[in-house]
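# okay, predicted coordinates and the sequence, questions at the end:
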Amino acid sequence: MKKILLGTAALALTTGMALAQDVVRMGTEGAYPPYNFINDAGEVDGFERELGDELCKRAELTCEWVTNEWDSIIPNLVSGNYDTIIAGMSITAERDEVIDFTQNYTQPDPSAYLALAGADVDLKGGVIAAQTNTIQAGFVAESAATLVEFATPDETVAAVRNGEADAVLADKSYLTPIADENDDLVLLEQEELIGGGVGMGVRESDTELKDKFNAAIQSMKDDGSLNALIEKWEIGATF
């Protein structure tokens, strides 16, 4: 799904192993439904909350949830503020140079464009909004369109409404409910297939933790429960 600018994360060092602790801390953004969001009770909710809780149960781990802003989510994993990233993060070669990943728990989700209803949008030469440091932002930056970046997904949609951008490019599963609930916004027909599926991020030193989550993810694939969650939350294609 998203692409982190790695910055100084490659230089950060970590101390200890996640499994040496009593609790495995699950880091997420909490701002990207249906993957993850904060519900009315102030708790982490969504596809990844339900998935993560089940993975921890199957791996026989005690887990707690931690939220972190997207821009610093990899550096703060590396520095030890939490032990995993489960935040709609696409597995990419660039990220894999700094952290490690489990196997994917979703298929690649098509990226879609959201625009004002009735607008004549030039996707090749127009102004396209995307969340900072995402694979969508990278895609637009490499095209002939003009990229405008925002810190949060909500701000990208607001940019379309206030005229700062002609359209926003983001995961289709994120944009579809917004289009369905707002008569002034529509999904455009064109879609982009970016990224190679979403996985959990872990520190490179936490091989035992990675193995435990890999086994749990595989067991959910094998018994069909992962596909059931994907369908429930309308994330995309099943396995």
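Right, received. Where do you want to start? Just so it is clear, the model here is predicted, and its values are computed rather than measured.
# specify the beta-bridge partners of residue 84.
Residue 84 forms beta bridges with residue 26, residue 202, as assigned by DSSP bridges.
# roughly how far does it sit from residue 157?
28 Å (C-beta to C-beta, to the nearest Å). Quick note: C-beta positions are derived from backbone N, CA and C, even for glycine.
# show me which of the two is the more surrounded one.
Neighbours of residue 84 and residue 157, each counted by other C-beta atoms under 10 Å, are more numerous for residue 84; the result is 27 against 22.
# list the contacts for that one?
For residue 84, the residues meeting the contact criterion (C-beta atoms under 8 Å, 6 or more residues apart in numbering) are 18, 24, 25, 26, 27, 77, 200, 201, 202, 209, 213.
# export those to TSV and tack on distance to residue 40, pLDDT and neighbour count?
As requested, those are exported to TSV (distance: C-beta to C-beta, whole Å; pLDDT from 0 to 100; neighbours: other C-beta atoms under 10 Å):
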residue	distance to residue 40	pLDDT	neighbour count
18	31	60	22
24	26	98	22
25	24	98	16
26	21	98	26
27	22	98	22
77	28	98	27
200	26	98	30
201	28	98	26
202	31	98	26
209	32	98	22
213	29	98	27
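# among those residues, which one sits closest to residue 166?
The nearest member of the contacts of residue 84 to residue 166, counting by C-beta to C-beta, is residue 201 at 32.5 Å.
# the closest one reaches residue 104, doesn't it?
No: if you go by C-beta atoms under 8 Å, residue 201 and residue 104 don't touch, sitting 11.8 Å apart.
# regarding the residue nearest to the spatial centre of the chain, what is its secondary structure?
For the chain, the residue whose C-alpha lies nearest the mean C-alpha position (C-alpha atoms, centre = their mean) is residue 88; its distance is 2.1 Å. Assigned with DSSP: H, G, I helix; E, B strand; the rest coil, residue 88 falls in the coil class.
# is it true that it touches residue 35?
Yes: with contact defined as C-beta under 8 Å, residue 88 counts as touching residue 35 (3.8 Å).
# how many neighbouring residues does residue 103 have?
Around residue 103 sit 15 other residues, with neighbours defined as other C-beta under 10 Å.
# cool, and residue 158?
A total of 15 residues lie near residue 158 under the criterion other C-beta under 10 Å.
# would you say it is within a helix?
Yes: assignment of residue 158 by three-state DSSP places it within a helix.
# residue 203 versus that one, what's the distance?
Residue 158 sits 35 Å away from residue 203, taking C-beta to C-beta as the criterion.
# also residue 166?
40 Å.
# beta partners for residue 146?
Residue 146 has the following beta-bridge partners by DSSP bridges: residue 127.
# you'd agree it is up against residue 126?
Yes: counting by C-beta under 8 Å, residue 146 does reach residue 126; the two are 7.0 Å apart.
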